[in-house]
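In: Following is a predicted model, sequence given first.
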Amino acid sequence: MKKFTKLGLFCFFALFAQFLKAQDNELSAVPLEELLTGSLNSVFEQIGPRTGYRFEYDREKLGKLRIVYRPNDLKNLLDHICKEYQLKYMVGASKVVRIIGKNERFDASKEITQRNTAIKPTSFKFTLSGVVRDAQNGESLPFAALNIPGTTIGTSSNVDGWFSLLEVPSDTSTIFVSYLGYAPKKVFLTPSSSKTNLIIEMHPAGTDLGEVTVVAEREELLRTNTQTVSMLKMSPAKIATLPNAGERDIMRAFQLMPGVSAANENSSGLFVRGGTPDQNLNIFDGFTVYHVDHLFGFFSAFNPNAIKDVQLYKGGFPAKFGGRLSSVAEITGKDGNSRRASGGFDIGMLSANAYFERPFGEKVTLLVAGRRSWRSPLYNTLFDRFAGESEPALPGGGGGNLASFSSTVASYFYDLNGKLTFKPNNKDIYTISFYNGTDDMDNSTTLSLPNFGGGGGFGGGSGFGINDLTTWGNTGGSLKWSRRWNDRLYSNTMLGTSSYFSKRDRTAGGSFTDDNGEERNIRNGTLENNDLQDLTFRSDFEYKLSKNNQLDFGLQVTHNNIAYTYAQNDTVTILNRDESGLISALYVQDKLSLLNDRLVIQPGVRVTHFDVTNKLYFEPRASLTYQVTQKVKVKAATGQFYQMANRIVREDILRGSRDFWILSDGENVPVSASQHFIGGISYETKDYLFDIEAYHKNLDNLTEYSLRYDVQPGRGVSYDENFFNGSGYAQGVEFLAQKKYGKYNGWVSYTLGRVRYNFANYGPDDFPANQDVTNEFKMVHTYKLGKFDFSATWIYATGRPYTAPEGAYQLTLLDGTQQDYINIGAKNGRRLPDYHRFDAAATYHFNPRSDGREVGSLGLSLFNIYNRANTWYKEYEIVDDQLVENSVLFLGFTPNLSLSIKF
């Protein structure tokens, strides 16, 4: 009997082993080759409908366990979960998988006879809303694209990451989500999925998660918007791999795009399609940043550690934006890590950069980021190159070689970002954002003269100071309330302030004894002071009329106060303006998708009132895209644009022109205007994009300020406000060829452009504008090899035009001193030599933490590798009644080493 019992047990266990093996084979036959992230509940809800398996476990006890894994198959996933959390599983009847703790026992008396797990939909044609966010830090992801495959239903998340999809076919539909710099994701709905607050979490592309690497189908640095004409997006995280001369910079990265000039090392502002930096609207968390330069424009004032998203409208931008003629750069700042306290620091050859972010409970997050320069050899090189201009002339003569000089050089820049976010519920978001940045450059010199023992002129141990002081900066902040009123209506209300100042003192001053033995105090040179204040209230609404129609509308009120003073010597104030104005605007725009989403039309209008002129300015806008075939798309846009606050060029032939902010007065400085006409075609496959866009812009009421004084016999110099008004146009065509996929990607672009102005004061003929660049060719290449990112860029641009002097003469000023003046040649009648340079970079990424979070990187960047001597501008001196020309150069070969650490 015992023998039969033993034989029976042996057969039972053998059959049971075969059963388990068969179950393992069945599980291994279920492929799951994709990244799975989220809680155990969400992962099983996601894979259940596709696999046909039902998962039973303690949802309260085990359901919140976090899963971040890319399995080969279902068995691989279950084995990983059980190993990670000390669990075990058993496959029962009807494809039911039971999961319990490792030390628990399965209850054999409970035979699972559940129905087949193919989940049937319970809801149809419903509205689905929620938030797209980063899986690692909980940051909301603005402007992510969402669509339901096989349908025309789609949308994008707004600036707060919120989305709403109308008429979702069923609660078992699949949603495809993509966001630049992140791995695309498929979300599989189930009847238990939230329909009013669905959380979609995405992982950065290329994230190493220990046993799995997130490999995105698209790892672009650049992406064009498929439904918005002339709009580009860049990944802030990816720009760190591009070559730089001291600091990764989102504005410099945009200059590698077609239609954005890259031949201006002295300005990190954007010259877009023949426009100037002041004609580009820079928005950071809702408030306007009026000046974006650090260190004489070598890189921008935007700290990359504080930026979450950035997109550039190169023209024909929507009615939501106004007050600029050319383009819009919309920058969204980070909210702060909502999962854990974290931070990091970067140090390079120009500055040190640190940031810290942390949550306070589940509803509040904080981000603080700051940068400050340090006097490295590279910093000193930049300062000497860009601050070392010719000194102002000493009044009354000089001390020759007997004079002694002492110089105290002090220079620094810094910026600070802060943001506090409060989310009391899933409907409201309150944020406070702050920015402050300052540059302070002091290259002053003290000149001491010996006592010559009598006679006129300098003597008696006189001392003269040569001032070379330049300081500028921005301060801005916003208080924003975002509200989701329902599944169709969302609003953003913001109160923001922004200020900009610029002070320049390039004078030589002191005391000397004249021929009559009297001591005189004199100050010779230039003094400039520019102050701008901006206080803005705006409220924006977006309302979804239907699945194919979204209406945006809102209002904006801005109060500007702008003051500018320009003086020569201590006795003559040439220009002194102080103006205030109130700009009020209403706008409405519609986005309509027709013909199964093949045709997208976006009409809109903006109406602006300016109290200085007491006029209404109508700004109609319209754009459309039409999908001719699956790969070919045509597009067009047009619009009217006005600008009340302008940065005016102050022409300076001898030392290079400067500019300053000023408010339109309707007379000397009229309200400038522009009309855009844009058309293009694109051909896009899975791997490549080929894009062509042509543009034409009419420009009216342009203003420049010139020091071309009117000389009247017997009356000396007339210091009237020499504002010159004119018109112009900008036109061109852009070509882009981009490779989007794989370890190697990048693009090649070419822009053929023309910018012509016509000012009656300069003559009857059109002349090239200062920013006119006829040809611009760019190549950007990136390659990923293991833990290394390699990149290289090459830029070629036609030389910019400039005005050259042709002769010189001398005048006696009001204070009795004499000063040299020049005869000026044709306006922008000459061109600088062509600009070109080659840059390269290599970045090594340290091994990540087990949860995939970055540790840091080490980067080497080589700027201007073949040491091209590119000309910034021309300077002229008058020596013995002769003009002496000097070329002021940009940087030559410049290496940079940077270290980034995250904790």
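Out: Noted; the coordinates are in hand. Residues are numbered from 1 along each chain as shown.

In: which SS state does the residue lying closest to residue 28 once chain neighbours are set aside fall under?
Out: Among residues not flanking residue 28 along the chain, residue 75 sits closest, at 4.6 Å (Cβ to Cβ, 6 or more residues apart in numbering). For the C-beta atoms, the positions are set from N, CA and C on the backbone; glycine is no exception. Under the three-state scheme (DSSP: H, G, I helix; E, B strand; the rest coil), residue 75 adopts helix.

In: Show me what residue 186 bridges to in the sheet.
Out: residue 176 (DSSP bridges).

In: what does the model give the residue nearest to residue 28 for pLDDT?
Out: Per-residue pLDDT puts residue 75 at 86.

In: Surely it touches residue 31?
Out: No: look at residue 75 against residue 31 with Cβ atoms under 8 Å: they stay out of range, at 10.7 Å.

In: of these two, who's got more company?
Out: Applying other Cβ atoms under 10 Å to residue 75 and residue 31 shows that residue 75 carries more neighbours, namely 20 against 13.

In: Residue 238 contacts residue 182, doesn't it?
Out: No: here residue 238 does not reach residue 182: they are 10.9 Å apart, not a contact under Cβ under 8 Å.

In: So the two - more neighbours on which side?
Out: Comparing residue 238 with residue 182 by other Cβ under 10 Å, the one with more neighbours is residue 182, at 25 against 22.

In: can you pull the contacts of the closest residue to that one other than its chain neighbours?
Out: Closest residue to residue 182 apart from its sequence neighbours, by Cβ to Cβ, 6+ apart: residue 202 at 4.5 Å. For residue 202, the contacting residues are 132-135, 141, 144, 177, 179, 182-183, 185, by Cβ atoms under 8 Å, 6 or more residues apart in numbering.

In: Now residue 82, what are its backbone angles?
Out: The phi/psi pair for residue 82 (degrees, to the nearest 10) reads phi -70, psi -40.

In: Determine the number of other residues adjacent to it.
Out: By other Cβ under 10 Å, 16 other residues sit near residue 82.

In: Now do it, the pLDDT please.
Out: According to the model, residue 82 carries a pLDDT of 86.

In: How about it, nearest residue that isn't a chain neighbour?
Out: By the measure of Cβ to Cβ, 6+ apart, the closest residue to residue 82 outside its immediate chain neighbours is residue 88, 5.5 Å from it.

In: Who does the one you found form a beta bridge with?
Out: Residue 88 has the following beta-bridge partners by DSSP bridges: residue 100.

In: wait, doesn't it sit right on residue 81?
Out: No: counting by Cβ under 8 Å, residue 88 does not reach residue 81; the two are 10.1 Å apart.

In: Among those two, which residue is more densely surrounded?
Out: residue 81 (22 against 16).

In: re earlier: any figure for the gap between the residue nearest to residue 82 and residue 99?
Out: 7 Å (Cβ to Cβ, to the nearest Å).

In: Name the residues contacting each of those two.
Out: residue 82.

In: Which pair in the contacts of residue 202 has the greatest spatial separation?
Out: For these, the farthest-apart pair by Cβ to Cβ is 133 and 183; their separation is 14.0 Å.

In: Looking at these two now, which is surrounded by more residues?
Out: Remark: of residue 133 and residue 183, residue 183 carries more neighbours, 24 against 20, as counted by other Cβ under 10 Å.

In: Let me know the pLDDT of residue 409.
Out: pLDDT, read off for residue 409, is 61.

In: what does residue 110 give?
Out: 44.

In: mind starting the numbering at 35 from now?
Out: Let's use 35 as the start, then, which means that last one is residue 144.

In: related to what we said a few turns ago, model confidence score at the residue nearest to residue 116, please.
Out: We have a pLDDT of 85 for residue 122.

In: what residues are up against it?
Out: Contacts of residue 122 by Cβ under 8 Å, 6+ apart are 116, 133-136.

In: and if you look at residue 878?
Out: 821-822, 891-893.

In: try it again with 10 Å
Out: Applying Cβ atoms under 10 Å, 6 or more residues apart in numbering, we find residue 878 in contact with 820-823, 890-894.

In: Leaving out the residues flanking it, which one is nearest to it?
Out: Nearest non-adjacent residue to residue 878 (Cβ to Cβ, 6+ apart): residue 892, at 4.8 Å.

In: Bridged to the one you found, which residues?
Out: Counting by DSSP bridges, residue 892 forms beta bridges with residue 878, residue 933.

In: where does it sit relative to residue 380, distance-wise?
Out: Residue 892 is 11 Å from residue 380, by Cβ to Cβ.

In: Also residue 539?
Out: 33 Å.

In: Looking at those two, which is more packed in?
Out: residue 380 (24 against 19).

In: Is it correct that the more buried one is in contact with residue 386?
Out: Yes: Residue 380 lies in contact with residue 386 (Cβ atoms under 10 Å); the separation is 7.3 Å.

In: Now the common contact residues for these two.
Out: By Cβ under 10 Å, 6+ apart, the residues touching both residue 380 and residue 386 are residue 405.

In: Helix or strand, whichever it is, which one in the protein has the lowest mean pLDDT?
Out: strand 744-746 (a mean of 44; mean pLDDT, DSSP states H and E).

In: the strands in the stretch 585-734 of the chain, which residues?
Out: 606-628, 633-644, 649-661, 666-677, 679-685, 692-697, 706-718, 722-740 (DSSP state E, counting those that start in this stretch).

In: Looks like residue 741 contacts residue 602 (just checking).
Out: Yes: using Cβ under 10 Å, residue 741 is in contact with residue 602, at 9.1 Å.

In: got the contact list for stretch 221-229?
Out: Counting by Cβ under 10 Å, 6+ apart, 75-76, 78-84, 153-157, 160-164, 166, 180, 182, 199, 202-211, 232-236, 460, 521 sit against stretch 221-229.

In: From those, list the buried ones, please.
Out: Buried by 16 or more other Cβ atoms under 10 Å: 75-76, 78-84, 153, 160-164, 166, 180, 182, 199, 202-203, 205-209, 211, 232-236, 521, out of the contacts of stretch 221-229.

In: among those residues, which are in strands?
Out: 160-164, 166, 180, 199, 202-203, 208-209, 211, 232-236 (DSSP state E).

In: OK, contacts around residue 659?
Out: Per Cβ under 10 Å, 6+ apart, neighbours of residue 659: 259-263, 627, 632-636, 667-671, 714, 716.

In: Buried ones among those?
Out: Counted by 16+ other Cβ under 10 Å, the contacts of residue 659 give 259, 261-263, 627, 634, 636, 667, 669-671, 714, 716 as buried.

In: and of those residues, the nearest to residue 802?
Out: Each of those was scored against residue 802 by Cβ to Cβ, and residue 714 proved nearest at 25.0 Å.

In: what's the distance between that closest one and residue 666?
Out: Distance, residue 714 to residue 666, using Cβ to Cβ: 12 Å.

In: Backbone dihedrals for the nearest residue to residue 785 once chain neighbours are set aside, both of them.
Out: Excluding the flanking residues, the one nearest residue 785 by Cβ to Cβ, 6+ apart is residue 810, at 4.5 Å. Per-residue torsions, residue 810: phi -140, psi 120 (degrees, to the nearest 10).

In: What of residue 301?
Out: The phi/psi pair for residue 301 (degrees, to the nearest 10) reads phi -150, psi 130.

In: Is it in contact with residue 294, as I believe?
Out: No: with contact defined as Cβ under 10 Å, residue 301 does not reach residue 294; the gap is 11.7 Å.
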